[in-house]
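# I'll drop the sequence and a predicted model, then ask my questions.
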Amino acid sequence: MFAAILESGDLERLYTGLSLLVSAAAEGRPARGLATFGALGPLLDPQLRERALREAAHVTEAEREAFARTLAELRDAAAELPDCRIWACAAAVQATGADYATVSERLAGVTSTPQFLRDVEGAQLVVV
């Protein structure tokens with residue numbers, strides 16, 4: 001199993017974390033993610049592609065469209081792959097005021113960090 005704690009709201013870091021999760025799941029490895037404070041907003045944003053066009057600070061103008069499109073596709077792929085699941089951190093949902101209906105629609109649900117760590121025990125774990 002591969003697991004990632006997606007913490008950063010930096011879109012380039014989020015891209016990396018999603019890419020790791022999607023790649024693992026596409027190769028047949030169970031992939032699990034926990035979206036915490038910084039990553040939660042972008043993951044729930046229905047306008048993620050447009051957001052990436054504006055906020056991808058480290059991406060050149062010539063590559064921004066491809067980056068934005070791929071970031072949105074990675075988020076969608078993570079939601080669609082059968083063995084890739086991303087939960088929202090309960091504390092992050094509460095602290096950021098995220099809408100529970102939106103969280104339930106876009107992510108696998110809400111869980112605590114301690115529960116996530118128990119669920120992925122023994123997995124290769126990264127924090128992005």
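Great, that's in hand.

# who are the neighbours in contact with Tyr100?
By C-beta atoms under 8 Å, 6 or more residues apart in numbering, the residues touching Tyr100 are Val93, Val110. All C-beta atoms are positioned from the backbone trio N, CA, C, and that covers glycine.

# Quick check: it vs Arg54, distance?
27 Å (C-beta to C-beta, to the nearest Å).

# Give me the secondary structure label for the residue lying farthest from the centre of the chain.
Outermost residue of the chain with respect to the C-alpha centroid, by C-alpha atoms, centre = their mean, is Ala62; its distance is 24.7 Å. What DSSP: H, G, I helix; E, B strand; the rest coil gives for Ala62 is helix.

# Which helix or strand lies directly C-terminal to the worst-scoring helix or strand of the chain on mean pLDDT?
Using mean pLDDT, DSSP states H and E, helix 100-106 stands out as the lowest-scoring helix or strand of the chain, at a mean of 93. As assigned by DSSP states H and E, the chain's next helix or strand after helix 100-106 is strand 110-111.

# where's Leu117 relative to Ala123, distance?
Counting by C-beta to C-beta, the gap from Leu117 to Ala123 is 9 Å.
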